Every structure is written in structure tokens, then in C-alpha cells.
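Chemist: predicted model, plus sequence, below.
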Amino acid sequence: MKRSDLVIIGAGPAGMAAATTAAEHGLSVTLLDEQSRPGGQIYRDVDRAVEKRGGILGPDFGHGRTLTRALRESAVEHVTGAVVWSIEDGFRISYTKGGRAAQVAADRILLATGALERPMPVPGWTLPGVMTAGAAQILLKQSGVIARRAVLVGSGPLLYLIAAQMVRAGTPPLALVETQSRADLRRAARHAGGALRGWPYLAKGLKLMAEIARARVPRFTGATDIAIEGAGRAETVSFRSGGKSRRLVCDTVLLHHGVVPNTQAARSIGVAHRWNATQAAFSPVVDRWGITGVEGVYIAGDGAGIGGAEVAEVAGRLASLQIAAEAGRLSEAERDRLAAPLFRKKARDMAIRPFLDAAFPPATEALLPEDKTIICRCEEVTAGDIRRYAQMGSLGPNQTKAFGRPGMGPCQGRYCGLTVTAILSEANGQTPDETGYFRIRPPLKPVTLGELAAMETPQQDAAE
């Protein structure tokens, strides 16, 4: 079995930056990623997409090429199409690639698994024609496919970015239905100092909003009672805004109300997590270098807490500097010298985060959906089912599996876990930390018996 000084899982901005930094300091690095090309979700397929659609996607997206170029020129072993499904004691990582299983061992592991788009369960969200805004952006980046006659629903800066990209592509959205209210903006005002420190981000946001306004895309804020309706597919979005009931006819609905850390791999190896009330999600407990409470395990990027692409890149470099120092490839003094400007940049880039979190909170009615709304799409479990399980004595998500199988489908709770925790917490009068989250065990992703049977021998692994 091949062994590396460091195995990194995920080739987004954090993973790519960490891999090249570690390799520069003499560590042998294996980078495992599910995609066929590096970039992660933020810089997905950046090398090809910039050439074809750079004008639509914008200059920030193009920055990803500096990371992919550095990765190609490094000594990093980048394994593409690798779906990691188990991390065992002794840091033996099992993954599948090309229909067969393989393994790699590591002295240390860096999880750079990024974020997941927060699910937005509202009535009708399971209808054909409804997808996340992030999924629509993936179609645009990889294939140049743009949703037509689309309504964007939710809150957060990503809605403005996607709307502006659709405008540039000549297919503007029909409308933005936004759940944030004036009260949210007033609450965010107390973080104005940090917002001003992060003025470049504010300037970008205002520029996006100006693009949307010039295209005369209607915006409805403070939206409540959102429902998607249609006979067999999404046909209309109904909601209340400005004291009026409204209904928009459309072909596609793009939902988004924030992103949350992807914690599945970290939880599977016992990394402690705590509830982040500001971001309404669980985050792993890490120090400023990305060190966790599990020896030899580090986390960098949005998987350690939402900060965005530039913060993720910096966090990846910081983690690798610490790993290199621990491995004896770098003195602590040199580590600190190299890290000082990175910590300053991270502080500047994170200064605006409290303002954004307060100004664009997740929609309350989607955090605690009405009873009839399906929250676990894999097993078709409703919010009302979870509340009934609480009345029957279920105190935590793991108990609910025995009652009705939420979290036991192919996604293993990635998209219903936070909603299950929120509903149980409210029903039982507990905090999210007291309620807890699904217990995550391997396989982290579905793996077939055929893939296991075709597992490469250690000699074959070494030959690769």
C-alpha cells in the first residue's frame, strides 16, 4: 500500500493551496478528489470554463487557475475521480476510482472537503424543475447550460452572483425572491465596522446588485410563506412580500439560503463539533492552524467554518505550514514568519463575515418547515414525522433512524441532518449541541461489492 507524508481530501482552494505548500516544503503529498479536474465547487472546471465562459463567470473565478497551475507544476500526486468512503485507524484511506477500490496510507490527513449548500425544504421543493442555485452554477461552469425562465429564491450573496452571471449570459432570471428583511439589515448594522474593513467584498456585492438592477430583474425582499406549485413539475412560486400575496409563473426554481460545513468525513473519525449559532450549523473544533482534537488530523477551508474561497486558500497554506513544522521540514520560527502575512490576510477577509451572517440569515420557515414538507428526500420523511418521533420519546437524530429511517438513504444525512437536529431541538426544548447530529460511519459514500472485489492489490497500488 502506498504511503504519503500527507493525504489531502478535496481539491478545492484549501486542498490545492495546502497540497502545493506542503510539497514545496518537502512532504510527499497525495491529493484525493472526486472531480475529474481540480477546482472544487468554487473553481469547478476552471481551466476549461475560463476559456469558454470567463466573461460570464467573472474575474474572481479566473483566480482559480493560479491554484490549478501551481498544482500541475508541483510534485503532488493528484488522484482524480477518487471517492473516499472510509478513513480507518492508522490513517488508511479507502476510495473508489474507475469502478474499483484502492487504498492509501498517511502519516497525517488534511480534510479540505469544503461546504454543502444548505437545503431549503419548502412546500414543493421536491418537484422536477427545482434545484439549488449552486447546482445551476455547476451546470453553467461545466456545460454552459443556463436555467431559463428561472426564479431565484432564498438569501445570500450567491444569489446575486448567479443572477448577475445569468444577466451576462443573456438569460436573466425572472425575479429574485429574497427572505432577508429590513430587520436583518438593521441587526447587521452593528457589524458595520467589520464590513468597512472588508470593503472590497462590499464593492463587489454592490456591483452585482447594480448589474441586476440595470437588467430590470424584479426583487422581492422579506418573503415568507414560500411554496412551489405545479402539476408534475414546478410551474409557479407563491409567497408574501410587502404585505401582499404574490405568484410568479416560471419553469425553474433555484433555491439557496447559505452554505454549511461538510462535516461527514470529520465526524466519521471522531472530530469534535460544536453548534455555531451565527451560521446555524455545526462546525468542527479546530485551532487557528486547523489542528483538531484527533492527533494527525487537520481541517482547512469551509469545512472548518464558512469563510469563502480566499479564506479557504489561506487556511490551506497555514495548515500545511504547521504540518511541515511538525514533520521537521520547517522550524517554528520560519513557520511563524511565513504564516504572519497569511494570518493578517485571513483576518481582513473574515472581517465582513459577521455582517454577512447577520444580513443574510437562513430562512426560518425552511429551518423549521411545516409538517407536510418532506425534509429527508431519500426516505421521504416529513417534518411532521420528526415532530411525531419527538413526541414518542426520540431525543436525538440517531434515535429517529429507528423510528422512520431519516438519514439512512444514499446521502447519509448530508441534506437532512441539520433540519432533523433543528426540529428535534425545538420539539424537545434542547440546544442543538444537546440534541446532536447523526453518527457517521463508513462507507461515507455508497460503494458496491463489485468495487470492493476489484480492490487493487498493494503491489498494484505501489506501482501507481
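Modeler: It's in.

Chemist: what's the domain layout of the chain?
Modeler: Structural domains assigned to the chain are 3-116+260-330, 119-257, 368-435, following automatic domain parsing.

Chemist: and among these, the most buried is which?
Modeler: Comparing those by mean neighbour count (mean count of other C-beta atoms under 10 Å), domain 3-116+260-330 ranks first with a mean of 21. The way it works is simple: take the backbone N, C-alpha and C, and place the C-beta from them, glycine included.

Chemist: what lines up beside the top strand by length along the chain in the sheet?
Modeler: As assigned by DSSP state E, the longest strand anywhere in the chain is strand 100-111. Its sheet considered, strand 100-111 pairs with strand 3-9 (parallel), strand 92-97 (antiparallel), strand 297-299 (parallel) by DSSP bridges.

Chemist: I'd like the average pLDDT over stretch 181-192.
Modeler: Across stretch 181-192, pLDDT averages out at 92.

Chemist: may I have the phi/psi pair for the spatially closest residue to A363 that is not a sequence neighbour?
Modeler: Of all residues not flanking A363 in the chain, T179 sits nearest, at 4.0 Å (C-beta to C-beta, 6 or more residues apart in numbering). Per-residue torsions, T179: phi -90, psi -20 (degrees, to the nearest 10).

Chemist: wait, what's in contact with T179?
Modeler: By C-beta atoms under 8 Å, 6 or more residues apart in numbering, the contact set of T179 is 153-155, 222-224, 226, 257, 363, 366.

Chemist: swap in 10 Å and give it another go.
Modeler: T179 makes contact with 120, 122, 153-156, 220-224, 226, 239, 241, 257, 360-366, according to C-beta atoms under 10 Å, 6 or more residues apart in numbering.

Chemist: now, those that are in strands?
Modeler: Using DSSP E, those in strands are 153-154, 220, 224, 226, 239, 241.

Chemist: save these as CSV, and put in distance to R414 too.
Modeler: Formatted as CSV, the ones in strands among the contacts of T179 follow (distance: C-beta to C-beta, whole Å):
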residue, distance to R414
V153, 21
G154, 18
F220, 30
T224, 27
I226, 23
F239, 27
S241, 31
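
Chemist: list the beta-bridge partners for F239.
Modeler: On the basis of DSSP bridges, F239 is bridged to R246.

Chemist: my guess is it contacts A223. True?
Modeler: Yes: between F239 and A223 a contact is recorded at 4.5 Å, counting by C-beta atoms under 10 Å.

Chemist: mutual contacts of the two, please.
Modeler: With C-beta under 10 Å, 6+ apart, F239 and A223 have common neighbours 153, 177, 179, 246.

Chemist: next, give me the two most distant ones among the residues you listed.
Modeler: T179 and R246 (13.6 Å; C-beta to C-beta).

Chemist: mind listing the shared neighbours of these two?
Modeler: Each of 220, 223, 239 lies in contact with both T179 and R246 under the rule C-beta under 10 Å, 6+ apart.

Chemist: in contact with the last one, which residues?
Modeler: Applying C-beta under 10 Å, 6+ apart, we find F239 in contact with 122, 151, 153, 177, 179, 220, 222-228, 245-248.

Chemist: let's see it at 7 Å
Modeler: If you count contacts by C-beta atoms under 7 Å, 6 or more residues apart in numbering, F239 has them with 177, 223-226, 246.
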